[in-house]
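Q: Predicted model and sequence below, questions to follow.
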Amino acid sequence: MSSKERSLSLDYDEVLDYIGQFGTFQRKIFFLLWLVSAAGGLAVVVFAFTGLEPKYRCRVSPCDTVTSEYYGQTGLVPAWYTNETIGMSNRCRVPVVSGSGGECEAGGATWPEEEGATCDYEDLVFDRSVMRTTLIEEYQLLCGRSGLRTVYNAIYMLGMLFGSYIFGWISDSYGRMKALMLAVVTVSLSGFVGAFCSGPMGLHGYAFLRFLTGMGGIGCFMVCFVLAVEHVGYKYTMLIGIAIEIPFALGEALLGIEAYFIRDWKTLQIVAYLPLLLLLGLYWVVPESVRWLIGAGRLEEAKEIIENAAKANGKKTPVHLFKTAAIASNNLENAKHMESPEAKTTVLDLFRPTKMALRTINMCFQWFSVTMCYYGLSFASTSLSGDAFSNFFLSVCIEIPGYIFCILVMDCWGRRPILSFCQAVSGIACIFCGLLQGQTDPGLQGLQVFLSLLGKFGASASFAIVYVYTAEMFPTVIRNQAVGTCSLVARIGGITSLLLDLLKVYWLPAPVFIMGVVATTAGALAVFFPETLGQKLPETMDEAFRIGENSSRGFCTFTCFSVKEMFDEELKTVPRDVSVDNKALDVEKE
């Protein structure tokens, strides 16, 4: 839709001035969409338990029996091992037992410095304290094939990369609700069928279905995010845009509870994904986006929804706006042949001139860093010291305070200092958390978990900020391309966070340590952004360049605000005389 068409069509923001920006109608839709957001969160972390890599070691024939467990009676590895832990490089090596008569005395089992014998899959002893079965054992992604686990985990992120564009296109072309229902079917059925992949091609089939699950998962969250924001007025855009991420964390927490009671990976996969089909019932409850219907020229459907919204909010329908839009639409059709085509923008405009290119590259790096830390810490939580379920549950629940922090502080402190602060907090916490990997001291283990939670808090808050900051920094003519480009780079960050796991074989702290360095660097670079707080959304490239030029707001400036001022609405009254002067709406032909 051209700028002239937008100006003459039905203005939904003006409609909301009469019926309310966040009344009963919008609140009902918002809380129903919580279910979809929660489904997106649940889907993304299922692999944290179904694909959990258990601890394992070779069975020592003179010492172990067929029924031996990974840990001894003391809760540690059996006493005949020299160390309290078994290194990743020694998990599949058969230790040499020393001592008279091969007795299993303390410290009697060691690994030779040169490459020794390895054991078969049947001779491995697994730690069953977290999951009784996992797909890692099902597909034998162990020993020399253990690196494949990280690759198949990253396939989900690859699906998210493609899904964000595919479902974005479907959403823009065929409507938000149709795209949302297709996303629900995709994530639910692909996840459900994945539990039944077996045989020689089972792993490849599971990988393909995991790719589809990633597409459906990001489709669920992305479309419900857009729907929630498009149904409310501008005063509530920031609040709703961040608050819709809260159920995402609750969905992740729900998966942790399910995994606690269901320790079999196939059963957990079924229980997690199949019930998501119930969300198809929202098709008859949640209305289509009025903004999309207006943009698609389906004004009659938009009017019907507006009338229902006005009734639910206890307001009168602004029918005079309908008449204005109808007359303007007719006049516009007569004038279309007189219009000269508008200049189109492409993704290349994000990288010219140099000032815009530097801003784009910096913002892409912010998204890359945020996604890397967010997903890296989410999947690493089950391998931290202590109870895997408690660590995971705390890791996802800490996201909620991060989102609330942004809601409360973003309009007081500003976008730039919060992003820089949260990235730095996340990065420094990750660096020290990584250096504590492998510690056996209970105090240091507790400190490691705390630092992991602090890092996740910063990453979650940063995730909420970059969405808003990107939309406010780039002009309308390239805003969609900017968000799409940053989202693409973010998926690469998610894939990288999982592939970093391969480095822990060489240095255990490497994955989390590298994430910390990247996030700290991103925090330093965020200082160079212009501040957008209090600035109107730029419409042109020239306006975008001038953002922050005349701002006297310092990096540490903090201003208090009144919640009443932020969200107080002065609704307009529908005029009694709804006649419209047709001549006043004539389209200029010159």
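A: Arrived safely, thanks for sending. Residues are numbered from 1 along each chain as shown.
Q: all strands for the stretch 1-150 of the chain, in order.
A: 56-58, 96-97, 109-110, 124-126 (DSSP state E, counting those that start in this stretch).
Q: any residues touching the first one, and which ones?
A: If I follow you right, that is strand 56-58. Contact with strand 56-58 is made by 70, 77, 86, 90-95, 118-119, 123-127, 142, as judged by Cβ atoms under 8 Å, 6 or more residues apart in numbering. For glycine as for every other residue, the C-beta is placed from the backbone atoms N, C-alpha and C.
Q: try 10 Å this time
A: 64, 68, 70, 77-78, 81, 86, 90-95, 109, 111, 117-121, 123-127, 136-137, 142-143, 146 (Cβ atoms under 10 Å, 6 or more residues apart in numbering).
Q: among the strands of the stretch 1-150 of the chain, which is the most enclosed?
A: Ranked by mean neighbour count, the strands of the stretch 1-150 of the chain are led by strand 56-58 with a mean of 23 (mean count of other Cβ atoms under 10 Å).
Q: That one pairs with which strands, and in what direction?
A: Strand pairing for strand 56-58, determined by DSSP bridges: strand 124-126 (antiparallel).
Q: Report the rounded mean pLDDT for the partner strand.
A: Average pLDDT, strand 124-126: 88.
Q: separation between the spatially closest residue to Glu307 that is not a sequence neighbour and Glu301?
A: Excluding the flanking residues, the one nearest Glu307 by Cβ to Cβ, 6 or more residues apart in numbering is Thr317, at 5.0 Å. Distance of Thr317 to Glu301, given as Cβ to Cβ, to the nearest Å: 15 Å.
Q: Neighbour count for these two, which is higher?
A: Thr317 (18 against 15; other Cβ atoms under 10 Å).
Q: hmm, back to that, JSON lines please, covering the strands of the stretch 1-150 of the chain and showing distance to Ile240.
A: What follows is the strands of the stretch 1-150 of the chain, written out as JSON lines (distance: least, Cβ to Cβ, whole Å):
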{"stretch": "strand 56-58", "distance to Ile240": "46"}
{"stretch": "strand 96-97", "distance to Ile240": "63"}
{"stretch": "strand 109-110", "distance to Ile240": "59"}
{"stretch": "strand 124-126", "distance to Ile240": "46"}
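Q: among the ones you listed, which is nearest Ile306?
A: Comparison of those against Ile306 by Cβ to Cβ identifies strand 124-126 as nearest, at 59.5 Å.
Q: contact partners of that closest one?
A: Strand 124-126 is contacted from outside by 54-60, 64, 66-71, 78, 91-92, 119, 132-134, 136-137, 140, 142-143, using Cβ under 10 Å, 6+ apart.
Q: can you do 7 Å?
A: Identification of contacts with strand 124-126 by Cβ atoms under 7 Å, 6 or more residues apart in numbering yields Pro54, Tyr56, Arg57, Cys58, Arg59, Asp64, Ser68, Glu69, Tyr70, Glu137, Leu142.
Q: coming back round to it: can you tell me which of the strands of the stretch 1-150 of the chain is nearest to Asp264?
A: Each of the strands of the stretch 1-150 of the chain was scored for nearness to Asp264 using Cβ to Cβ, and the closest is strand 124-126 (13.8 Å).
Q: gap between that closest one and the chain center?
A: 35 Å (Cα atoms, centre = their mean, to the nearest Å).
Q: before we move on, the earlier item: mean pLDDT for the strands of the stretch 1-150 of the chain: which is lowest?
A: Looking at these, the lowest mean pLDDT belongs to strand 109-110 (a mean of 72).
Q: on that earlier part again, any idea which of the strands of the stretch 1-150 of the chain gets closest to Ile428?
A: Comparing these by Cβ to Cβ, strand 56-58 comes nearest, at 33.6 Å.
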